[in-house]
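> Quick one: sequence plus predicted model below, questions after.
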Amino acid sequence: MNETRFDNDSNPIGSQEDGEDGNALSNVYFYQTPTFVKVLMVLLFATASAVTLVGNGLVIIVIGKIRRLQIPANLTIVNLALYDFLMGLVAIAVLLPHLTRLRCVFVVVFGSSVLRGGVLGIGLCTINRYVAIVHPLRYNQLMTAKRTCILMGLCLLYALATGIAIGIDVAYSWGPLSTCNIDKEITSGIVAFQITNYIALVIIMTYCYIIIAKIAWDHTVRMAAATAAQREELSTFDAIMKKSKIMLIVVGTSFLFIMPNVIHTLLVHIVEASKLSASGLQILRWIRLLGFIINTWLNPIIYFYKYKDFRQAAKELFGCKPSSIAPFQPSME
């Protein structure tokens with residue numbers, strides 16, 4: 001007796017004997033999902049991708065077109081927005097059938113590279129703000145536009161190298177009954193490498209946040225006790241602190257929303273398949289999906305909601321009359 005297998009979209013891709021590779025089916029994304037739920041999922045993916053592409057694309061265009069915004073701090077924002085933009089394309093790629101080894105490897109390399117680049121972009125934003133706050137007088141020398149672009153390029157190369165390595169790993173493990181479920185196709189060694197990367201980034205970001213929080217608290221105390229003249233002297237650093245607060249909220253929250261992906265991948269590999277119920281896996285996958293969606297929407301929403309200069313630059317880009325109010329631009333940046 002034969003049993004039909006399905007791909008990530010539950011399309012039949014072959015048959016197998018009863019009991020053979022039975023666990024693989026339960027690990028296929030949205031296996032045995034009702035049709036109306038699949039329709040809702042497609043609409044959710046399409047809407048999420050559209051909002052992601054438009055929102056982050058607007059951030060990229062605004063900073064690319066408005067010269068006064070092209071400072072090192074905003075370059076790291078563009079870098080993060082670019083990876084979020086590409087993440088919107090990943091959501092579209094997931095919906096496409098990838099039944100062959102080549103298609104599966106392409107999706108894996110593309111998705112893994114984008115995700116790794118986004119995580120590195122979060123770290124780069126954090127380091128930029130760390131330097132701006134801890135070394136404010138040397139910030140312009142330490143974090144020039146050229147150095148920032150070099151760091152962005154190195155992060156891109158590392159992300160591509162990691163994505164290609166994962167793609168090679170999936171290509172070697174591919175078999176006639178493979179479902180292109182990256183969580184199951186990659187080996188434990190690759191999973192350990194990814195988890196190590198996340199742990200290293202958590203340590204770095206935690207250290208930066210602790211130091212920045214200490215300096216921010218000291219600055220708040222000084223501002224509370226300062227005279228009018230002293231507050232005027234501290235106004236430049238106060239502007240940097242306000243901008244850094246928004247950026248750090250963005251990158252910290254983004255990293256938090258990526259964590260469900262790490263937890264899901266880790267659980268799939270360290271817990272026996274028999275101990276992971278189908279409903280439990282589905283819940284984890286939905287949490288991870290929502291985390292990715294919120295993460296890609298978060299940046300453009302906060303940038304345009306909190307940064308007056310972003311809103312003003314967007315109006316200028318679409319031909320609206322510039323405001324007479326001077327844009328926010330700390331002199332030390």
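Yes, it's here.
> helix/strand/coil for the spatially most central residue of the chain?
Centre of the chain computed as the mean C-alpha position; nearest residue by Cα atoms, centre = their mean is G118, 4.1 Å away. Reducing the assignment at G118 to three states with DSSP: H, G, I helix; E, B strand; the rest coil gives helix.
> so what's it up against?
Contacts were defined as Cβ atoms under 8 Å, 6 or more residues apart in numbering; by that measure G118 touches L80, Y83, D84, M87, S254, I258. C-beta here means a position set from N, CA and C on the backbone, and glycine is covered the same way.
> any idea how far the residue lying closest to the fifth one once chain neighbours are set aside is from Y83?
Distances taken as Cβ to Cβ, 6 or more residues apart in numbering place N295 nearest to S254, at 5.0 Å, with adjacent residues excluded. Taking Cβ to Cβ, to the nearest Å as the measure, N295 falls 10 Å from Y83.
> between those two, who's got more neighbours?
Between N295 and Y83, counted using other Cβ atoms under 10 Å, Y83 has the larger neighbour count: 25 against 22.
> What separation do you get for that one and W217?
From Y83 to W217 the distance is 32 Å (Cβ to Cβ).
> One more: I182?
Remark: distance between I182 and W217 (Cβ to Cβ) = 42 Å.
> Over to Y139?
Per Cβ to Cβ, Y139 is found 20 Å from W217.
> So which of the two has more stuff around it?
Neighbours around Y139 and W217, counted as other Cβ under 10 Å, are more numerous at Y139. The numbers are 20 against 10.
> Isn't that one up against V131?
Yes - at 5.8 Å, Y139 counts as touching V131 under the criterion of Cβ atoms under 8 Å.
> Quick check: the gap between G291 and L115.
Summarising the geometry, the distance separating G291 from L115, computed by Cβ to Cβ, is 12 Å.
> Spit out the residues that contact the two alike.
Residues touching both G291 and L115 (Cβ under 8 Å, 6+ apart): I258, N261.
> Neighbours of S244, how many?
Residues contacting S244 under the criterion other Cβ under 10 Å number 22.
> now do I258
I258 has 19 neighbours, counted by other Cβ under 10 Å.
> Are we agreed that it is in a strand?
No - using three-state DSSP, the secondary structure at I258 is helix, not a strand.
> Which residue ranges of this structure form helices?
Counting by DSSP state H, one finds helices in the chain at the ranges 22-26, 35-65, 72-95, 101-134, 139-142, 145-173, 182-185, 188-225, 228-233, 235-270, 278-306, 308-317.
> Now render these as CSV, adding mean pLDDT.
Formatted as CSV, the entries for the helices of the chain read as follows, by pLDDT from 0 to 100:
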stretch, mean pLDDT
helix 22-26, 45
helix 35-65, 81
helix 72-95, 82
helix 101-134, 87
helix 139-142, 88
helix 145-173, 91
helix 182-185, 70
helix 188-225, 85
helix 228-233, 72
helix 235-270, 75
helix 278-306, 73
helix 308-317, 77
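> Now do the contacts for C149.
By Cβ under 8 Å, 6+ apart, C149 lies in contact with L75.
> Please report how far it lies from V78.
To V78, C149 is 10 Å away according to Cβ to Cβ.
> Ok, V134 next?
When Cβ to Cβ is applied, the distance between V134 and V78 equals 23 Å.
> Looking at the two, which one has more neighbours?
In terms of neighbours (other Cβ under 10 Å), V78 is the more surrounded of V134 and V78; the figures are 21 against 15.
> Skipping its backbone neighbours, what lies nearest that one in space?
Counting by Cβ to Cβ, 6+ apart, I63 is the residue found nearest to V78 once chain neighbours are left out, at 5.0 Å.
> What residues does the one you found make contact with?
Applying Cβ under 8 Å, 6+ apart to I63 gives the contacts L69, Q70, N74, L75, I77, V78, A313.
> Apply 7 Å and report the result again.
The neighbours of I63, taking Cβ atoms under 7 Å, 6 or more residues apart in numbering as the test, are L69, Q70, N74, I77, V78.
> what do you get for I215?
Residues counted as contacts of I215 (Cβ under 7 Å, 6+ apart) are I133, V134.
> Can you list the neighbours in contact with stretch 193-211?
Stretch 193-211 is contacted from outside by V119, G123, T126, I127, Y130, V134, L248, F255, V262, L266, using Cβ under 7 Å, 6+ apart.
> could you turn stretch 220-236 into CSV, dropping everything but the C-alphas?
The C-alpha atoms that make up stretch 220-236 are tabulated as CSV, following Å, rounded to 0.1, in the frame of the first residue of the first chain:
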residue,chain,number,x,y,z
THR,A,220,20.1,61.7,32.8
VAL,A,221,21.3,62.4,36.3
ARG,A,222,23.6,65.2,35.0
MET,A,223,20.8,66.7,32.9
ALA,A,224,18.5,66.8,35.9
ALA,A,225,21.0,68.6,38.0
ALA,A,226,22.3,70.9,35.3
THR,A,227,21.7,74.6,34.9
ALA,A,228,20.3,76.1,31.7
ALA,A,229,23.8,76.9,30.5
GLN,A,230,25.1,73.4,31.3
ARG,A,231,22.1,71.8,29.5
GLU,A,232,22.9,73.8,26.4
GLU,A,233,26.4,72.4,26.5
LEU,A,234,25.0,68.9,26.8
SER,A,235,22.3,69.3,24.1
THR,A,236,24.4,67.8,21.3
